[in-house]
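J.: coordinates only, sequence not included:
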């Protein structure tokens, strides 16, 4: 399921969708899935090695906000703005991650530090509301009418973004596969088993962890920037914060953390589920008593919650992992997402 | 009092005990001796319900121990002094002793038992408020034994009481065991230090690689050529 | 610069410091439950703030819609939250007790979504307010301290002291302390570990319910308020040393002062930023937390 042939075919099919008349809202869903897949894939290259971050919302938000702010206030084209956003995000990742790794902050302590980071970024965005619009959200200024390659804005035309999204998604998978086949992968797996032993045999533990963290942060930030350019609207809670951080974890856990397409499957499930619920139950609110309602808008979250709990208990390898286990009839039912030298 | 018959137990797929038969009668002091890895601690753990049993029976005064949940075993009158003492390091001596009498049925008697233990181990009374983890090995052993005595047990299981202790302290520990035995308490000791333990107990069993090799009174074993050669370095 | 020093000695700064203390009382209460659960069971409930939120909703509903007096509503809130805590362990955590901590964290993350979703379904997304105000205590002409905050501070203090005595003087308290130091031999003491975990979870839930009682008087409730004080609660616990209740207590006050002082000089969000950045820096200086004990 993960071989290049399958993925290649999938990419081709996606490219041909407009020819089959797929447009409008369904196309929007597909683009959104692809962009989020890239974000989820970015998280998973850290998560699979036990470096579970609960703060990737911070990177995504930075990617989006920095790009938008540079455009709005400095007129800087996203062609320049996005790389700058990535660099800044990378630097922040290093600033926070380096001491973490140097002082062996791992496992759930590391997760909580990343959680704090996510909150810091969110609070900064809200505190600078005069510049960022705070909780109300932020919009990049439209550059004239219609297309603008300079501003990377293609309003009303989804097809260009479709191809951008497909390309990005593919790059994400390729990065995943490169990591998967690299020496770093083995180094990081060794590190997640036993840091001291790895260090003793010459693995540069802090370096390896830092490299993968920065890459992960940059990928997520890029997804944020892309999301901003596509949606033309970002807010601290749709692109950052604890909710987004957890959503990323959810998607990868459900999709499958150890395969290249796992995060994509997670994105499909997350978004399709939300859509299905929206269509079947709608977002209507029925008022029961003065305060009680049946507010359908809460169902996706509610079901995500049940699913995440269910998956982590019964199917921690996610759908892709569980399926591949089933197909190869593996016996090992007890399984933990690796956590580096948990304290 | 305590009857172990045809016991088979181990850790997952690794079987450590094969067909073990051991009896302890009221008032006796019995030892189970053998080399490292023979399965002695496994036996203790099986009796206390810390590991599951594959096959066999364990009865305490007629009650089926295997069917009893592990946290109820102390209520049957079986108190276990674990290997390496296993005190609660950041709790005071007295709090550790209190834990020995945790079960509601023992709490009424707490003060009496506390006085008893302090009379047996005056040093523990001195250190009653000291964190257990800060005491020396010998003192910790005293505390661990005291903790087990808090439930006024019918039988005391002791897992390698001499482990990790200096020879002088080991002497003291065995003196203590003798003292406890003379109070009338039934004791089952698992030990590597054959010489010392045979001086204190009435009978002993020898286990090697999970199976019973020999049994007899301490006199018989001390005089046995095999035992002398294998365990007493003669 | 002169303005800065001036503002330091202003009466409003003093008021700010005092409000910081009062906030500290509330944060301390929030952190106690979390620390208890972590200290005993070794799990971090990421959804702890959401349990508080659910308790707040129940109290609100009973008092506002059904017209019950506030006191029985609060008691119901505490009991309900205790039940939620119990169920959390029974249904979710107990199945993951031997799993990697990160799996446990993720599971409680799932519960976070679950509670938020449930609250949204049942109560919608509007901000709900109890509409109760106890007024303020005027310490002097310029210093006003809200009565609800004073009450919260006092109750937090009582709970902390009560919990201290419970843990140090009672059998159950001793067992709770013991199990975090050596879980394996607890059965030798006659302690049913599973039951103790359930009890601890229920107590942790009840403490969340108590926090809900205090918070519902002062703040609006909506499905996502957990996100505003959840992260700060974890951070406080980690700073004080996860599982260390005294440490958490002190850290709560350090944090509350950082937040209120930051909020005094700039917007309140900068106060939070200051607190979080302080935390991140502290993690590098002393990763085990300010007062952690070696476990």
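T.: Sure thing, it's come through. Predicted, not measured: the structure shown is a model, and the values here were computed from it.
J.: Please count neighbours and contacts with C-alpha atoms only from this point.
T.: OK.
J.: Distance of the nearest residue to residue C:255 once chain neighbours are set aside relative to chain B?
T.: Leaving aside its chain neighbours, residue C:255 sits nearest to residue C:275 (5.9 Å; criterion: Cα to Cα, 6 or more residues apart in numbering or on different chains). Applying Cα to the nearest Cα, to the nearest Å, the value for residue C:275 to chain B is 31 Å.
J.: who does the one helix or strand residue C:275 maps to touch, helix- and strand-wise?
T.: Residue C:275 is located in helix C:268-285, with elements delineated by DSSP states H and E. With contacts taken as 3 or more Cα pairs under 8 Å, 6 or more residues apart in numbering or on different chains; DSSP states H and E, helix C:268-285 sits against helix A:78-102, helix A:107-127, helix C:226-240, helix C:245-265.
J.: Just the mean pLDDT for it, thanks.
T.: In this model, helix C:268-285 has a mean pLDDT of 82.
J.: likewise stretch C:231-247?
T.: 83.
J.: does it come close to chain B?
T.: No. Stretch C:231-247 lies out of reach of chain B by Cα under 8 Å from any Cα of the partner chain, never closer than 12.4 Å.
J.: Could you check how far residue A:256 is from residue A:52?
T.: 14 Å (Cα to Cα, to the nearest Å).
J.: and if you look at residue C:59?
T.: 36 Å.
J.: Equivalent analysis for residue A:234, please.
T.: Taking Cα to Cα as the measure, residue A:234 falls 25 Å from residue A:52.
J.: If you count neighbours, what's buried in the least confident helix or strand in chain A by mean pLDDT?
T.: Scoring the helices and strands of chain A by mean pLDDT, DSSP states H and E places helix A:318-328 at the bottom, with a mean of 72. Residues of helix A:318-328 classed as buried: A:318, A:319, A:320, A:321, A:322 (neighbour count, 16 or more other Cα atoms under 10 Å in any protein chain shown).
J.: Pull up the pairing partners for whichever strand or helix holds residue C:145, direction included.
T.: Here residue C:145 sits within strand C:144-146, counting by DSSP H and E. Here strand C:144-146 is paired, per DSSP bridges, with strand C:136-138 (antiparallel).
J.: what separates the partner strand from the chain centre, distance-wise?
T.: 25 Å (Cα atoms, centre = their mean, to the nearest Å).
J.: tell me the strands in chain B, going along the chain?
T.: B:2-11, B:14-24, B:29-33, B:53-60, B:63-64, B:78-81, B:155-159, B:186-191, B:203-208, B:211-217 (DSSP state E).
J.: Check whether the least confident helix or strand of chain A comes into contact with chain C.
T.: No. Shown here: helix A:318-328 not in contact with chain C (Cα under 8 Å from any Cα), separated by at least 12.4 Å.
J.: and that helix, what does it pack onto?
T.: So helix A:318-328, by 3+ Cα pairs under 8 Å, 6+ apart, packs with helix A:241-255, helix A:262-280.
J.: Deepest-packed of these, please.
T.: Mean neighbours per residue, mean count of other Cα atoms under 10 Å in any protein chain shown, is largest over these for helix A:241-255, with a mean of 27.
J.: how about the residues of the stretch 151-295 of chain C near chain A?
T.: C:227, C:231-232, C:234-235, C:238, C:267-270, C:272-273, C:276-277, C:279-280, C:283-284, C:287.
J.: Buried members of those into PyMOL, please.
T.: To isolate the buried ones among those in PyMOL, judged by 16+ other Cα under 10 Å, type:
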select buried, chain C and resi 227+231+232+234+235+238+268+269+270+272+273+276+277+279+280+283+284+287
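J.: so where's chain B uncertain?
T.: B:234 (pLDDT under 70).
J.: Residue in it with the shortest distance to chain C?
T.: For chain B and chain C, the shortest gap (Cα to the nearest Cα) falls at residue B:71, measuring 4.2 Å.
J.: Count the neighbours of the nearest residue in space to residue B:49 that is not next to it in sequence for me.
T.: Nearest non-adjacent residue to residue B:49, counting by Cα to Cα, 6+ apart: residue B:70, 4.6 Å away. A count of nearby residues for residue B:70, using other Cα atoms under 10 Å in any protein chain shown, gives 25.
J.: what does the one 3 residues further on give?
T.: One way to gauge burial is a neighbour count; for residue B:73, by other Cα under 10 Å, it gives 23.
J.: And for residue B:114?
T.: The number of residues near residue B:114, taken as other Cα under 10 Å, comes to 21.
J.: what's near enough to touch the most centrally placed residue in chain B?
T.: Closest residue to the average C-alpha location of chain B: residue B:158 at 1.3 Å, with Cα atoms, centre = their mean. Contacts of residue B:158 were listed using Cα atoms under 8 Å, 6 or more residues apart in numbering or on different chains, and they are B:80, B:81, B:82, B:83, B:187, B:188, B:189, B:190.
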